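Visitor: Pasted the sequence and its predicted model underneath.
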Amino acid sequence: MIFQIFCIFFGQLTYGIYGLIIVVIISTGINPKAKSFYLFDGYAHHSSGLACGLAELSAGMTIGIVGDAGQPKLFVSKILILIFAEALALYGLIVGIILSSRAGQSRAD
């Protein structure tokens, strides 16, 4: 019971916060008073959201599979796998931040 609650904490709360961080970064990068919104900017924002979302999806699937395994003597191994899944989602967040920071750098003025 405790392990399932632990898995829900890892999956639901942290990954939702990671997605919210990417949304805030993307929304601050869009300036409605600028001359135009270039295609490169749209692709950079889209790929940053995809990178973060797909990494969180794969980490969430990993946590779901590990949380469903029912052998209590493998508790430490399960926790290690959860930590590695969390690192995968964190890497997706970092890649998303890097991609969204590239938007606005290829201006053809």
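Guide: Done, it's in. Residues are numbered from 1 along each chain as shown.
Visitor: Buried residues in the longest helix anywhere in the chain, which are they?
Guide: Ordering each helix of the chain by length in residues (DSSP state H) puts helix 39-68 first. By neighbour count on 16 or more other CB atoms under 10 Å, the buried set for helix 39-68 is 41, 44-45, 47-49, 51-53, 55-56, 59-60, 62-63, 66-67. Where C-beta positions appear, they are placed from N, C-alpha and C, glycine not excepted.
Visitor: and if you look at stretch 14-29?
Guide: Those would be 14, 15, 18, 19, 22, 25, 26, 29, for stretch 14-29 by 16+ other CB under 10 Å.
Visitor: and which of the residues you listed is nearest residue 93?
Guide: residue 18 (4.7 Å; CB to CB).
Visitor: Tell me how far residue 81 lies from residue 68.
Guide: Distance of residue 81 to residue 68, given as CB to CB, to the nearest Å: 12 Å.
Visitor: Roughly how far does the residue most central in space within the chain sit from residue 76?
Guide: Closest to where the C-alpha atoms of the chain average out (CA atoms, centre = their mean) is residue 52, at 3.4 Å. Here the criterion is CB to CB. By it, residue 52 lies 29 Å from residue 76.
Visitor: same thing with residue 97?
Guide: Look at residue 97 and residue 76: by CB to CB, they are 32 Å apart.
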